[in-house]
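Colleague: give me coordinates for this.
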Amino acid sequence: MSLKNNNNKDYDYNLANNFNELAGGTKKKCEIINQLEASIKKNVIPSVISMQELKSVLSNIKRVDTPIFLNPDTTTWLDVARHGKARQNLEYTTIEKHLRSARFMETHKVPVDFKNLNVENVIKHFDYRIEVEKATRDALRHERDAIYMFLRAYKLFTKEWREYLKLPKKQGGLKAPFVLMPWQVNKLFHGIYGNTIYENVLGQTIVFTLINFGMRPPSEIINLNLENLNISKNGAGYIWIVEDKKGDIQRQYFPYDKKVLSSKVYRTPLNYINTWRDNVKNEKSGNALFLQSNGERITGKWLRDHITYNGKEIVQDNRFKLYTCRHTFATYYYDWTKDIKEVARRLGHSKTDSVDHYIGICNDLKTQVGKGNLFDKALRQKNKKNYFGGKPKKRLSTKKGTISKSFSRWPVWARQDLNLRPTGYEPVAPPV
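Modeller: Numbering: from 1, shown residues only. Below is the predicted model:
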């Protein structure tokens, strides 16, 4: 199975938000700044600095205190980050992504010298990435945008950069969004996403939340906190979604059915909180909703390594990516409402121009699946020979090694959902 070349895989640093450690106020913030300044002497962001710590440093930056331009010979990357926030109006996650890309480029086999940025040096780096490493257009775009942030800070950004620093042409793109069939969605709900039961449950819950709520991955899902959920005793409620890409504005989301928010049958957010989250919670967890096995907040890298990587195998289509879940939600939600304006509102769009294509996709999909709501078809599949949905009809025996006959015929990925992995079976592992 071929995978995209991604410059984040080997150089991603921990993005876990550590709220407990940040509770020290001004004194703690000064310690963080000193640690950052000391660690960036060689213009390399250290792996111990979290996204939340970087955000804490940049949260109170004032334009009047920020130089209009920086001197590349004396400045640090933290100064560039401050400039990006105050002068270039960049969001925290964008700055973090640019710094990560910059670190990758500076430590690359064909490195980019950020103290002496010039077109020839960068083009040589891009040539190697394209010809030898087969880097994708998106990977190079991230690197180019990171360079632009530094150039603007150094007052070096000219027309020459736009003229010569060209990205490769799009190759083999999709004309319309890739949308999953209900049986593919059902397999994702019960898929294998790691080497432990907890990682499988976490991956299943995140996929379930993405497809049934339509959040933007990865930012809107990794930034969810416990206080973003408001659920009553009868299971009704809503989620506050923070739109990181739009200046941290929030939108209140009422699910199309409370069962996808709080049902005990499915991998709902409430089910995860009540049953699984406390198993890994520690002093690093803070108030993050979804936690990795080590207790830290999930990151974009975790989502790529576990869900994107294994999702391609689960749905048997190498075009699968995190955004496929959002496209699938939009299509299914149009089937639910038949109101394209409501679909746009749910996705956080003010206009329908970018979502009108879901009408045709939904109509094409319905010709194959027939009558019935697409969300419900994805939640429960009747043919257990091919996929598994809902609860098993018979309870498993308490005696070791005995299971119901019908359960023994379920596919491997369905049995893995209940920790009954066959002997000798090795689940798909994330890339190293």
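
Colleague: buried stuff in the lengthiest strand in the chain?
Modeller: If you go by DSSP state E, the chain has its longest strand at strand 237-243. Along strand 237-243, these residues count as buried under the neighbour rule (16 or more other Cβ atoms under 10 Å): 237-239, 241-243. (Glycine included, C-beta is placed from N, CA and C.)

Colleague: residues contacting it, please?
Modeller: 213, 215-216, 220, 223-224, 227-231, 248-255, 258, 261-262, 269, 348 (Cβ atoms under 8 Å, 6 or more residues apart in numbering).

Colleague: give the rounded mean pLDDT of the helix or strand hosting A102.
Modeller: Using DSSP states H and E, A102 maps to helix 92-106. Average pLDDT, helix 92-106: 89.

Colleague: and that helix, what other elements does it pack with?
Modeller: helix 51-58, helix 77-86, helix 137-154 (3 or more Cβ pairs under 8 Å, 6 or more residues apart in numbering; DSSP states H and E).

Colleague: helix or strand right after it?
Modeller: helix 119-131.

Colleague: how about that next one: buried residues?
Modeller: Neighbour-count burial for helix 119-131, counted by 16+ other Cβ under 10 Å, picks out 121-122, 125-126, 129-130.

Colleague: please apply the same query to stretch 64-77.
Modeller: 66, 70, 72, 75-77.

Colleague: ok, now stretch 313-328?
Modeller: With burial defined by 16+ other Cβ under 10 Å, the residues of stretch 313-328 counted as buried are 314-315, 320-322, 324-328.

Colleague: rewinding a little: who does the longest strand of the chain pair up with?
Modeller: Strand 237-243 sits in its sheet next to strand 229-231 (antiparallel), strand 249-253 (antiparallel), going by DSSP bridges.

Colleague: for R144, which of those is the nearest?
Modeller: strand 249-253 (27.2 Å; Cβ to Cβ).

Colleague: ok, and what's touching the closest one?
Modeller: Strand 249-253 has contacts (Cβ under 8 Å, 6+ apart) with 213, 238-243, 346, 348.

Colleague: which one of these is nearest Y309?
Modeller: F213 (22.2 Å).

Colleague: based on its surroundings, how many neighbours for the closest one?
Modeller: Applying other Cβ atoms under 10 Å, we find 23 residues neighbouring F213.

Colleague: for it, what are its contacts?
Modeller: Contacts of F213 by Cβ under 8 Å, 6+ apart are 239, 241, 253, 255, 260, 329.

Colleague: below-threshold pLDDT in the protein: ranges please.
Modeller: In the predicted model of the chain, residues 1-52, 172-174, 245, 247, 381-432 satisfy pLDDT under 70.

Colleague: tell me how the protein divides into domains.
Modeller: Using automatic domain parsing, the domain ranges for the chain come out as 21-164, 182-416.

Colleague: how far out from the middle of the chain is the last one?
Modeller: Relative to its chain's centre, domain 182-416 lies at 13 Å (Cα atoms, centre = their mean, to the nearest Å).

Colleague: which SSE is Y193 in?
Modeller: Per DSSP H and E, there is no helix or strand for Y193.

Colleague: quick one: residues contacting the residue positioned nearest the centre of the chain.
Modeller: Closest residue to the average C-alpha location of the chain: P218 at 2.2 Å, with Cα atoms, centre = their mean. P218 makes contacts with 299-300, 303-304, 322, as judged by Cβ under 8 Å, 6+ apart.

Colleague: and if we set it to 7 Å?
Modeller: P218 makes contacts with 300, 303, 322, as judged by Cβ atoms under 7 Å, 6 or more residues apart in numbering.

Colleague: where's the second one, which helix or strand?
Modeller: L303 is part of helix 300-303, with elements assigned from DSSP H and E.

Colleague: following that helix, which helix or strand comes up?
Modeller: Downstream of helix 300-303 (by DSSP H and E), the next one is helix 309-315.

Colleague: and that next one, what other elements does it pack with?
Modeller: Applying 3 or more Cβ pairs under 7 Å, 6 or more residues apart in numbering; DSSP states H and E, we find helix 309-315 packed against helix 182-189.

Colleague: keeping just the C-alphas, turn whatever helix or strand comes next after the helix it packs on into PDB.
Modeller: The element immediately downstream of helix 182-189 (helix or strand, assigned by DSSP H and E) is helix 197-213. In PDB, the C-alpha atoms belonging to helix 197-213 read as follows (Å, rounded to 0.1, in the frame of the first residue of the first chain):
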ATOM      1  CA  ILE A 197      -7.500  -2.300  22.900                       C
ATOM      2  CA  TYR A 198      -7.500   1.300  24.200                       C
ATOM      3  CA  GLU A 199      -6.000   2.600  20.900                       C
ATOM      4  CA  ASN A 200      -8.700   0.700  18.900                       C
ATOM      5  CA  VAL A 201     -11.400   2.200  21.100                       C
ATOM      6  CA  LEU A 202      -9.900   5.700  20.800                       C
ATOM      7  CA  GLY A 203      -9.600   5.400  17.000                       C
ATOM      8  CA  GLN A 204     -13.200   4.100  16.700                       C
ATOM      9  CA  THR A 205     -14.500   6.900  18.900                       C
ATOM     10  CA  ILE A 206     -12.700   9.600  17.000                       C
ATOM     11  CA  VAL A 207     -13.900   8.200  13.600                       C
ATOM     12  CA  PHE A 208     -17.500   7.900  15.000                       C
ATOM     13  CA  THR A 209     -17.300  11.600  16.200                       C
ATOM     14  CA  LEU A 210     -15.900  12.900  12.900                       C
ATOM     15  CA  ILE A 211     -18.400  11.100  10.700                       C
ATOM     16  CA  ASN A 212     -21.500  11.900  12.800                       C
ATOM     17  CA  PHE A 213     -20.500  15.600  13.700                       C
END
